[in-house]
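# task: produce atomic coordinates for the following.
(3 chains)
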Amino acid sequence: MIEFDREQFLKDVHDIVRLIPEGRVTSYGAIAKALEQARRSRMVGWAMNQSPDDVPAHRVVNSSGVLTGRQFFGGTRMRELLQAEGVVVNENKVANFKKVFWDPLTEMDCD
DNA sequence: TGAGTGACTGTAA
DNA sequence: CTTACAGCCACTC
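Numbering: from 1, shown residues only, chains lettered A, B, ... in the order given. Below you'll find the model as predicted:
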């Protein structure tokens, strides 16, 4: 019986975020779902807050493609990082979200 | 110890 | 488009 470990969750989230390729984004919910913790999407946001510099947290947006965490990147930093990778952003939202969306489950369907 | 808050999601009206 | 409610749980005071 393994009870829920925050550190493990944090590690798993960081691991997934690190797998996000350039020019792609994903959502908090998708990450939570990939960890079979779909209802812990808020914890993913918390994990992003606790993420080290080697985690591209700027590639993580909410389910609508909105850069909800941009305020944690010092203003427009998040948007600029994304645009630098080829992601088109309108003010605070990702354009063609469905196209640039990267689903962790697609890459991690190995069980 | 309990209430408030939040980088969320889904459903409903 | 908006507002509201429910569910989730770490963190702060």
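
# from now on I want contacts and neighbour counts done on CA atoms only, so please keep to that.
Fine.

# which residues in chain A form helices?
Ranges of helices in chain A, per DSSP state H, are A:6-19, A:28-34, A:41-49, A:77-84, A:97-100, A:104-107.

# a markdown table please, covering those and showing mean pLDDT, distance to A:G69 and mean neighbour count.
Shown next, in a markdown table, are those (pLDDT from 0 to 100; distance: least, CA to CA, whole Å; neighbours: other CA atoms under 10 Å):
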| stretch | mean pLDDT | distance to A:G69 | mean neighbour count |
| --- | --- | --- | --- |
| helix A:6-19 | 95 | 14 | 16 |
| helix A:28-34 | 96 | 11 | 22 |
| helix A:41-49 | 95 | 8 | 18 |
| helix A:77-84 | 95 | 8 | 17 |
| helix A:97-100 | 94 | 16 | 16 |
| helix A:104-107 | 89 | 19 | 14 |
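
# these: which one's closest to A:V55?
Ranking the helices of chain A by proximity to A:V55 (CA to CA) places helix A:6-19 first, at 5.4 Å.

# got the residues of chain A near DNA strand C?
Neighbours of DNA strand C within chain A, by CA under 7 Å from any atom of the strand: A:R6, A:R39, A:R40, A:S41, A:R42, A:M43, A:W46.
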